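In: kindly return the folded structure for what I paste below:
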Amino acid sequence: MWLRSAFYRWLFPAAVVLPLWLLIGWVVTGAGGWALLWVLFIAVPSVFVGQIVLTLLQRARPSARETRMASWWDVLGFGVWHALTIAIGFYPQTWFPLLLAGAIAVAIGLFWLQLWQLWSEARTAGGGIRFMRAPMVDAESGPSRATPVVDDVFVIKEKPTSEH
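Out: Numbering: from 1, shown residues only. Sure, this is the predicted structure:
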């Protein structure tokens, strides 16, 4: 359970740490000028926005808010995506295209996983708006003279303006 709780707490900081790692990895590996343009204008914004959106979808689930833990599917999905993002930050010449394609595919799959989990929890919650009907009360006599409720009929009694 500590792992699921740790992932829950890690998701928002990851939105800053992972893009920062891509920039630091570029500096450390000396990947080149074109890679810097890719990092600054594509990688950093997409990882930041993607992580924020996925985290908000994950936190929108009632079970995640209630338990303050990620599901095991979240741990698997985010774990694989973060591992691929970290691996991309090393800028390996031969593996870079494969790692990038894998990270993009996992991010898209994680997005659909979050939507599926959110939809599943919303569907099983039996949600919707519920109206509770209370017995009607005559305004002049008080709560002791309640009239019976007739299904699908709503009666609104107004006090005439001449009576005060």
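In: report the central residue of this protein.
Out: For the chain, the residue nearest the mean C-alpha position is Leu57 (1.2 Å; Cα atoms, centre = their mean).
In: for the host helix or strand of Thr85, output the C-alpha coordinates as PDB.
Out: Thr85 belongs to helix 72-88 when assigned by DSSP states H and E. Only the C-alpha atoms of helix 72-88 are listed here, as PDB (Å, rounded to 0.1, in the frame of the first residue of the first chain):
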ATOM      1  CA  TRP A  72      -2.400  -0.700  -9.300                       C
ATOM      2  CA  TRP A  73      -3.200   0.200 -12.900                       C
ATOM      3  CA  ASP A  74      -2.100   3.700 -12.200                       C
ATOM      4  CA  VAL A  75       1.200   2.500 -10.700                       C
ATOM      5  CA  LEU A  76       1.800   0.300 -13.700                       C
ATOM      6  CA  GLY A  77       0.900   2.900 -16.300                       C
ATOM      7  CA  PHE A  78       2.600   5.900 -14.700                       C
ATOM      8  CA  GLY A  79       5.600   3.700 -13.700                       C
ATOM      9  CA  VAL A  80       6.200   2.600 -17.300                       C
ATOM     10  CA  TRP A  81       5.600   6.100 -18.700                       C
ATOM     11  CA  HIS A  82       8.000   7.700 -16.200                       C
ATOM     12  CA  ALA A  83      10.600   5.100 -16.800                       C
ATOM     13  CA  LEU A  84      10.500   5.700 -20.500                       C
ATOM     14  CA  THR A  85      10.600   9.500 -20.000                       C
ATOM     15  CA  ILE A  86      13.700   9.100 -17.800                       C
ATOM     16  CA  ALA A  87      15.300   6.800 -20.400                       C
ATOM     17  CA  ILE A  88      14.600   9.400 -23.100                       C
END
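In: list the buried ones in that helix?
Out: Buried positions in helix 72-88, judged by neighbour count with 16 or more other Cβ atoms under 10 Å: 74-75, 77-78, 80-82, 84-88. C-betas here are computed from N, CA, C, even on glycine.
In: Throw those residues into CSV and include distance to Leu3 and pLDDT, thanks.
Out: As requested, the buried residues of helix 72-88 are exported to CSV (distance: Cβ to Cβ, whole Å; pLDDT from 0 to 100):
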residue, distance to Leu3, pLDDT
Asp74, 11, 97
Val75, 6, 97
Gly77, 14, 97
Phe78, 11, 98
Val80, 14, 98
Trp81, 16, 98
His82, 13, 98
Leu84, 19, 98
Thr85, 19, 97
Ile86, 17, 97
Ala87, 21, 97
Ile88, 23, 96
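In: I am finished for the moment; much appreciated.
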